[in-house]
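Asker: Got a predicted structure here, sequence first:
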Amino acid sequence: ALDITKSPVKATQLGTLIQRIMDETISGKIGKQVFEALWLGIATEVDHYIQSKGLEQVSDSGELDTIVDKIIEENPSQVEQYRAGKTKLMGFFVGQVMKQTQGKANPKQVNELVSNKL
C-alpha cells in the first residue's frame, strides 16, 4: 500500500480535477483518464492537460442536436422499435451519440435531447 504522503497526485491537482467534473467541463469517465495521467506523471496541470488533449465535454446544444438528428435518421428500425415500446433502446441512441463524440458529450444533455426527439 502506498502512504498518502507518497501519492504522485497532489491534493491541489485532485481538487481541480474534482472541480472540473462537478462543473461539467469533463465527464467522470474522462476524469478517470485525467487522474491516470496525473498518477503516471504524464500530466502535471489538470486544466492544461484537459485543453491540450481536447477532453472538454461537448455541451453545445446545436452541435449535439445535429448529432442526435443524424443518429435518429441513420437508425429508423431502432426508432420504430423504441416508439413501439422498446424503451431500453434509449441506451443505444445515447451510446451512439457518445461514440460519435468520443465520449465527450454531456450525458445528461444527450439523454434529454434523445428523449425529446424520440
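Answerer: That came in fine, so what should we check first?
Asker: For the helix or strand where K70 lies, list the C-alpha coordinates in CSV.
Answerer: K70 belongs to helix 61-74 when assigned by DSSP states H and E. The C-alpha trace of helix 61-74 is given here as CSV (Å, rounded to 0.1, in the frame of the first residue of the first chain):
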residue,chain,number,x,y,z
SER,A,61,-26.8,22.2,-27.9
GLY,A,62,-26.6,23.0,-31.6
GLU,A,63,-23.8,20.5,-32.2
LEU,A,64,-25.4,17.8,-30.1
ASP,A,65,-28.7,18.4,-31.7
THR,A,66,-27.2,17.8,-35.2
ILE,A,67,-25.5,14.6,-34.0
VAL,A,68,-28.7,13.3,-32.4
ASP,A,69,-30.7,14.0,-35.5
LYS,A,70,-28.1,12.1,-37.6
ILE,A,71,-28.2,9.1,-35.3
ILE,A,72,-32.0,9.0,-35.4
GLU,A,73,-32.1,9.3,-39.2
GLU,A,74,-29.5,6.5,-39.6
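Asker: mean confidence score for that helix?
Answerer: In this model, helix 61-74 has a mean pLDDT of 94.
Asker: Could you list every helix and strand in contact with it?
Answerer: helix 90-100, helix 107-117 (3 or more Cβ pairs under 8 Å, 6 or more residues apart in numbering; DSSP states H and E). All C-beta spots, glycine's among them, are computed from the backbone N, C-alpha and C.
Asker: Now do the first one: everything it contacts.
Answerer: Looking back up the chat, that one is helix 90-100. The contact list for helix 90-100, computed with Cβ atoms under 8 Å, 6 or more residues apart in numbering, reads 64, 67-68, 70-72, 75, 78, 82, 105, 107, 110-111, 113-115, 118.
Asker: Cheers, nothing more for now.
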